[in-house]
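Enquirer: Prediction below, plus the sequence it came from.
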Amino acid sequence: MKNEWPLWEIFIRGQHGMSHRHVGSLHAPDAAMAIKNARDVYTRRNEGVSIWVVEAQHVAASSPSDKGPLYEPSESKVYRHPTFFDIPEEVGAM
Amino acid sequence: MTRDEAFLQFLLRMGDNTLVLGHRVSEWCGHAPVLEEDIALANTALDLIGQTQMWLALAGEVQGEGKSADDLAFLRDAWDFRNALLVEVPNGDFGRTLMRQFLFDSWHKLMLERLKGSSDERVAAIAEKAVKEVTYHVERSRDTVIGLGDGTEESHARMQEALDYLWPYVGELFTGDAVDAEMVAAGIAPDPASLRADYDAIMAEVMAEATLSIPKSGFAHKGGRDGRMHTEHLGHLLTSMQWLQRAYPGARW
């Protein structure tokens, strides 16, 4: 629809020290209203301490059809996981 | 009129304003023009109903007849309500609803800011909690009034029409009486008229930005906050709001 507001991707930081996470998207006429709408749609149950909004058209995304070349090569390289080290107990949970 | 009788009237005025407006705003639930506005309006309505619980619970306490906030909300008739007429007028279109919201929110915020300094700790505590919600309400309604006022030809015309229709209901918010004089003497609440200059400054600034003209007439409807004469709309609103408790007295869930 021609008269539809632009789409915004919403990122919320749940608590201090955590990173912002993508939580969904919504429509709004401008960035300021997108933040307000995000406040009402995504933080009404006390989910956040910070909101980022990005107009969806500015997000560059990888193509699903490139899945093979992009991700498959890493499937056979388990040695890239840091699971081959013995963690001393006193370190605790990592 | 004793001080407690005046205090009760004051608390009913605060609680009935938020109750009736909360109900009006909730009428949009599921009907707003876009999903985001629908949720935002529902949040506002819930904030207002939450504030009502605090005001009317305290009203019941001051009244001393063992009535709860629910009793006061659902078992009084139209002539017992003390809300300003502004909050009971029908929603009209989305623009008029948001214009009414802005006219009310702006007064509400000024009032609560002053009530934070009330000599009654319970009033100050309610104001402290409510003003955070209301600060957001007025930011949102202000932006929408500006956005639609300074928007398309049609949205501008509708917002000007809304302002023309609602403006005569604004004056009542600032018209004091014996109840207010008693509250001022007790240090519980400010003189309503003392909020007017700040209110007018906000209106002048925002309406200029919204390219809307504030009507020149100083005529003000009255009769809501003293309960003398509500509009015909309040009874209809109460019929829908109260029917369940009226039909099934004491029903709980």
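Expert: Yep, it's here.

Enquirer: switch to C-alpha atoms for all contacts and neighbour counts from now on
Expert: Noted.

Enquirer: Next, the buried residues of stretch B:227-245.
Expert: B:227, B:229, B:230, B:231, B:234, B:237, B:238, B:241 (16 or more other CA atoms under 10 Å in any protein chain shown).

Enquirer: Between these, which sits nearest residue A:44?
Expert: The nearest member of the buried residues of stretch B:227-245 to residue A:44, counting by CA to CA, is residue B:241 at 24.6 Å.

Enquirer: now, the most widely separated pair of the buried residues of stretch B:227-245?
Expert: Greatest spacing in the buried residues of stretch B:227-245, by CA to CA: B:229 and B:241 (19.6 Å).

Enquirer: So which of the buried residues of stretch B:227-245 sit within helices?
Expert: B:234, B:237, B:238, B:241 (DSSP state H).

Enquirer: Take those and lay them out in a markdown table including distance to residue A:76 and pLDDT.
Expert: Shown next, in a markdown table, are these (distance: CA to CA, whole Å; pLDDT from 0 to 100):
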| residue | distance to residue A:76 | pLDDT |
| --- | --- | --- |
| B:234 | 71 | 97 |
| B:237 | 67 | 97 |
| B:238 | 68 | 97 |
| B:241 | 64 | 96 |
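
Enquirer: Pipe those residues into TSV and attach distance to residue A:8 per row.
Expert: Output for those, formatted as TSV (distance: CA to CA, whole Å):
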residue	distance to residue A:8
B:234	40
B:237	37
B:238	39
B:241	37
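
Enquirer: if we take the residues you listed, which one ends up nearest to chain A?
Expert: Distance to chain A across those (CA to the nearest CA) is lowest for residue B:241, with 24.6 Å.

Enquirer: any idea how far that closest one is from residue B:27?
Expert: According to CA to CA, to the nearest Å, residue B:241 stands 10 Å off from residue B:27.

Enquirer: show me what contacts residue B:13?
Expert: B:81, B:82, B:83, B:84, B:225 (CA atoms under 8 Å, 6 or more residues apart in numbering or on different chains).

Enquirer: What helix or strand is the last one located in?
Expert: The one in question is residue B:225. For residue B:225, there is no enclosing helix or strand under DSSP states H and E.

Enquirer: Tell me how many other residues crowd it.
Expert: 26 (other CA atoms under 10 Å in any protein chain shown).

Enquirer: Helix, strand, or coil at the nearest residue to it once chain neighbours are set aside?
Expert: Among residues not flanking residue B:225 along the chain, residue B:82 sits closest, at 4.3 Å (CA to CA, 6 or more residues apart in numbering or on different chains). Per DSSP: H, G, I helix; E, B strand; the rest coil, the local secondary structure of residue B:82 is coil.

Enquirer: what about residue B:82, neighbour count?
Expert: Counted with other CA under 10 Å, residue B:82 comes out at 25.

Enquirer: show me the contacts for the residue in the stretch 101-250 of chain B positioned nearest to chain A.
Expert: Nearest residue of the stretch 101-250 of chain B to chain A (CA to the nearest CA) works out as residue B:140 at 7.4 Å. Residues near residue B:140 by CA under 8 Å, 6+ apart: residue A:36.

Enquirer: Name the helix or strand for it, please.
Expert: Per DSSP H and E: helix B:121-149 holds residue B:140.

Enquirer: ok, then the element right after that helix?
Expert: helix B:153-166.

Enquirer: So for that following helix, what gets flagged as buried?
Expert: Buried-residue list, helix B:153-166, by 16+ other CA under 10 Å: B:155, B:156, B:157, B:158, B:159, B:160, B:162, B:163, B:164, B:166.

Enquirer: just the angle between the helix holding residue B:140 and helix B:153-166, please?
Expert: Counting by axes from the mean of the first three to the mean of the last three CA atoms, to 10 degrees, helix B:121-149 lies at 140 degrees to helix B:153-166.

Enquirer: A helix includes residue A:10, no?
Expert: No: counting by three-state DSSP, residue A:10 is located in no helix; its state is strand.
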